[in-house]
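Enquirer: no sequence on this one, just coordinates:
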């Protein structure tokens, strides 16, 4: 079951043409919309009630009970299967983990760039400070050498 951005394992307790009862470790709140996947079947439903670890869901479309139980294609002309591609969420890459890894790598690149920029600025500051410190003695040496060159 997908509720919000996260997936949870649920147990379907009962089925009807327009609803189902589930049991979950963390059932969604009343009024939330959820997506239940079983094989090629996708059920979009709204949570009508919750009690403890159980919840009652009302489906937006008809549920083909026999095909859902047997995990066979539904008799809806293939509409559900074409609209919602089959995804085995246990084998599919986790979007949150990928986003976390991408964010971590971006953060590391930005940190490296900031450290490089700070090192460059520090290096330029040191060069400017050394140049100013040596400018006066070099000017005095140059003046002394120019003075000796003027004396024959």
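Expert: Cool, the structure landed. Everything quoted here is computed from the prediction, not taken from an experiment. Numbering: from 1, shown residues only.
Enquirer: Run the chain-centre distance for the helix or strand hosting residue 147.
Expert: Remark: residue 147 resides in helix 95-150, with elements defined by DSSP states H and E. Remark: helix 95-150 is offset 37 Å from the chain centroid, using CA atoms, centre = their mean, to the nearest Å.
Enquirer: Under the pLDDT cut-off, which ranges of this protein? List them.
Expert: 73-94, 149-152 (pLDDT under 70).
Enquirer: Specify the local secondary structure of residue 30.
Expert: Following DSSP: H, G, I helix; E, B strand; the rest coil, we place residue 30 in the coil state.
Enquirer: List the beta-bridge partners for the spatially closest residue to residue 11 that is not a sequence neighbour.
Expert: With CB to CB, 6 or more residues apart in numbering as the criterion, residue 11 has its nearest non-adjacent residue at 4.6 Å, and that residue is residue 23. C-beta here means a position set from N, CA and C on the backbone, and glycine is covered the same way. Residues in a beta bridge with residue 23, per DSSP bridges, are residue 11, residue 54.
Enquirer: what about residue 23, distance to residue 17?
Expert: Per CB to CB, to the nearest Å, residue 23 is found 20 Å from residue 17.
Enquirer: Tell me which of these two has more neighbours.
Expert: residue 23 (13 against 10; other CB atoms under 10 Å).
Enquirer: Make sure the more buried one is actually in contact with residue 53.
Expert: Yes. Counting by CB atoms under 8 Å, residue 23 does reach residue 53; the two are 5.4 Å apart.
Enquirer: Contacts only, for residue 18.
Expert: Contact analysis of residue 18 by CB atoms under 8 Å, 6 or more residues apart in numbering lists 58, 59, 62, 63.
Enquirer: List the contacts of the strand ranked longest in the chain.
Expert: The longest strand of the chain (DSSP state E) is strand 41-51. Residues from elsewhere that reach strand 41-51, judged by CB under 8 Å, 6+ apart: 19-20, 27-37, 55-61, 63-64, 67-68, 71, 74, 80, 83-84.
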